[in-house]
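1. dropping the sequence and predicted coords here.
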Amino acid sequence: MQKQLIAKSDVGGLTLVTLGGELDLAAVGALRRDLESHPTATLPDLAIDLRAVDFMDCAAVAVLISAYKQVRSAGGCLRLFGAQPEPALLMKLCSLERLLCVHVSAAEATASVCSRHQLTSA
């Protein structure tokens with residue numbers, strides 16, 4: 001199964017990207033394009049729904065880190081949620097939760113202010 005962009009939308013000004021399938025080396029070119037901002041988004045923040053992702057490798061992790069750097073340089077944050085066990089394990093092994101904002105629900109990931117940043121800025 002190849003990677004597929006399931007949906008991209010503007011949710012409260014941020015871009016929500018829903019991905020599915022396999023995020024591997026063969027998919028990184030399309031993945032980079034998929035993680036660009038929605039045309040109507042007014043915030044630099046990017047939320048990525050991983051609930052339908054079956055597999056993710058280190059090439060996809062590199063794309064996520066690149067997207068994080070781009071979003072961060074614009075003053076936003078990259079938010080992930082819904083990772084299945086295998087992708088979640090890879091994210092844990094790569095310590096992505098220390099760099100990216102990993103949330104347990106879509107509501108948290110698409111909130112107007114990231115709960116992780118809300119806690120650190122208080």
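-> Received, thanks.

2. centre of the chain to the longest helix along the chain, how far?
-> Ranked by residue count, the top helix of the chain under DSSP state H comes out as helix 58-73. Mean-position distance between helix 58-73 and its chain equals 9 Å (CA atoms, centre = their mean, to the nearest Å).

3. grab the nearest non-local neighbour of residue 104.
-> Among residues not flanking residue 104 along the chain, residue 81 sits closest, at 6.6 Å (CB to CB, 6 or more residues apart in numbering). Bear in mind the C-beta positions are built from the backbone N, C-alpha and C, glycine included.

4. same question, residue 91
-> Excluding its sequence neighbours, the residue lying closest to residue 91 (CB to CB, 6+ apart) is residue 83, at 6.1 Å.

5. return the backbone torsion pair for the one you found.
-> Per-residue torsions, residue 83: phi -60, psi 130 (degrees, to the nearest 10).

6. now for it: which residues touch it?
-> Applying CB atoms under 8 Å, 6 or more residues apart in numbering, we find residue 83 in contact with 50, 51, 53, 91, 102.

7. tell me, what residue is most central in the protein?
-> For the chain, residue 48 is the residue whose C-alpha lies nearest the centre (CA atoms, centre = their mean; 3.2 Å).

8. part of a strand, is that one?
-> Yes: assessed by DSSP: H, G, I helix; E, B strand; the rest coil, residue 48 belongs to a strand.

9. looks like it contacts residue 80 (just checking).
-> Yes: taking CB atoms under 8 Å as the definition, residue 48 is a contact partner of residue 80 at 5.1 Å.

10. so what pLDDT did the closest residue to residue 75 other than its chain neighbours get?
-> Using CB to CB, 6+ apart and skipping the chain neighbours, the partner closest in space to residue 75 is residue 44 (5.6 Å). Residue 44 is assigned 95 on the pLDDT scale.

11. thinking residue 44 is in contact with residue 69, fair?
-> No: Residue 44 lies out of contact with residue 69 (CB under 8 Å); the separation is 11.7 Å.

12. quick one: which of those two has more around it?
-> Applying other CB atoms under 10 Å to residue 44 and residue 69 shows that residue 44 carries more neighbours, namely 18 against 12.
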